[in-house]
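J.: got a predicted structure here, sequence first:
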Amino acid sequence: CTIKHMPTGVISSLLHSRSNEEKTPFYCRFVGVGGDFTCFNESNRAPEKLLFIAGGIGLTPFLAMFEGLSHTKLKVDVVILFACRGDEINLLKDFISSPIVSNIHIFDSTGVNA
C-alpha cells in the first residue's frame, strides 16, 4: 500500500507521522478494498502482448503483475508507457533489464529528460 502524503490531508498526515515513530505499530482495517485487476486469466495465462500505461504511484499494480510474469515461463512482450517525475525513474529498474520488456516510453512530468 502506497500512501502519498497530502499536507492538508487528515489520514495521509496521520499515517506519515506514525511511520517515523518508534512506537507501537499502527494497525488499521481497510474496508472496501478488492478487485480483479490482473493480466492473468482464469487459467493463469497472460496475453502474448501487454501494454502497461501508468503515472506515478499508479505503476504499483503493474509492478506486481510484472513480478508474477517474471516467475512464469510464459512468452510475453510488455510495452510500458510511464509518466513520472524524474526521481521516479528508479521504479523501472527491473523492467529496464528484463527480457520480457520490449519497449519503455517515459514522460518526465518535471520537464527534465529522463
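T.: Yep, it's here.

J.: next, the buried residues of stretch 96-113.
T.: For stretch 96-113, a neighbour-count test (16 or more other Cβ atoms under 10 Å) marks 101, 104, 106, 108 as buried. To be clear about C-beta, it is placed using only N, CA and C from the backbone, and glycine gets the same treatment.

J.: where exactly do the helices run in the chain?
T.: Secondary structure of the chain (DSSP state H): helices at 10-19, 60-70, 93-96.

J.: out of those, which comes closest to residue 47?
T.: Among the helices of the chain, the nearest to residue 47 by Cβ to Cβ is helix 60-70 (10.6 Å).

J.: circling back: among the helices of the chain, which is the most enclosed?
T.: The highest mean neighbour count among the helices of the chain, using mean count of other Cβ atoms under 10 Å, belongs to helix 60-70: a mean of 16.

J.: now do that helix: which elements does it pack against?
T.: With contacts defined as 3 or more Cβ pairs under 8 Å, 6 or more residues apart in numbering; DSSP states H and E, the packing partners of helix 60-70 are strand 49-55, strand 77-84, helix 93-96.

J.: where does it sit relative to the chain's centre, distance-wise?
T.: 8 Å (Cα atoms, centre = their mean, to the nearest Å).

J.: and if you look at stretch 28-48?
T.: With Cα atoms, centre = their mean, you get 14 Å for stretch 28-48.

J.: okay, that stretch in PDB with CA atoms only?
T.: Output of stretch 28-48 as PDB, limited to C-alpha atoms (Å, rounded to 0.1, in the frame of the first residue of the first chain):
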ATOM      1  CA  CYS A  28      -5.900  -0.200  10.700                       C
ATOM      2  CA  ARG A  29      -8.600  -2.200   8.900                       C
ATOM      3  CA  PHE A  30      -9.200  -1.500   5.200                       C
ATOM      4  CA  VAL A  31     -12.800  -1.600   4.100                       C
ATOM      5  CA  GLY A  32     -14.000  -2.000   0.500                       C
ATOM      6  CA  VAL A  33     -10.600  -3.000  -0.900                       C
ATOM      7  CA  GLY A  34     -10.700  -5.600  -3.600                       C
ATOM      8  CA  GLY A  35     -10.900  -6.200  -7.300                       C
ATOM      9  CA  ASP A  36      -9.500  -8.300 -10.100                       C
ATOM     10  CA  PHE A  37      -7.000  -6.000 -11.700                       C
ATOM     11  CA  THR A  38      -4.700  -8.600 -13.200                       C
ATOM     12  CA  CYS A  39      -3.100  -9.500 -16.600                       C
ATOM     13  CA  PHE A  40      -3.700 -13.200 -15.900                       C
ATOM     14  CA  ASN A  41      -6.900 -15.000 -16.900                       C
ATOM     15  CA  GLU A  42      -8.700 -17.800 -15.000                       C
ATOM     16  CA  SER A  43      -6.200 -20.500 -16.200                       C
ATOM     17  CA  ASN A  44      -3.200 -18.400 -15.000                       C
ATOM     18  CA  ARG A  45      -2.200 -17.400 -18.600                       C
ATOM     19  CA  ALA A  46      -1.400 -13.900 -19.900                       C
ATOM     20  CA  PRO A  47      -1.700 -12.400 -23.400                       C
ATOM     21  CA  GLU A  48       1.400 -12.600 -25.600                       C
END
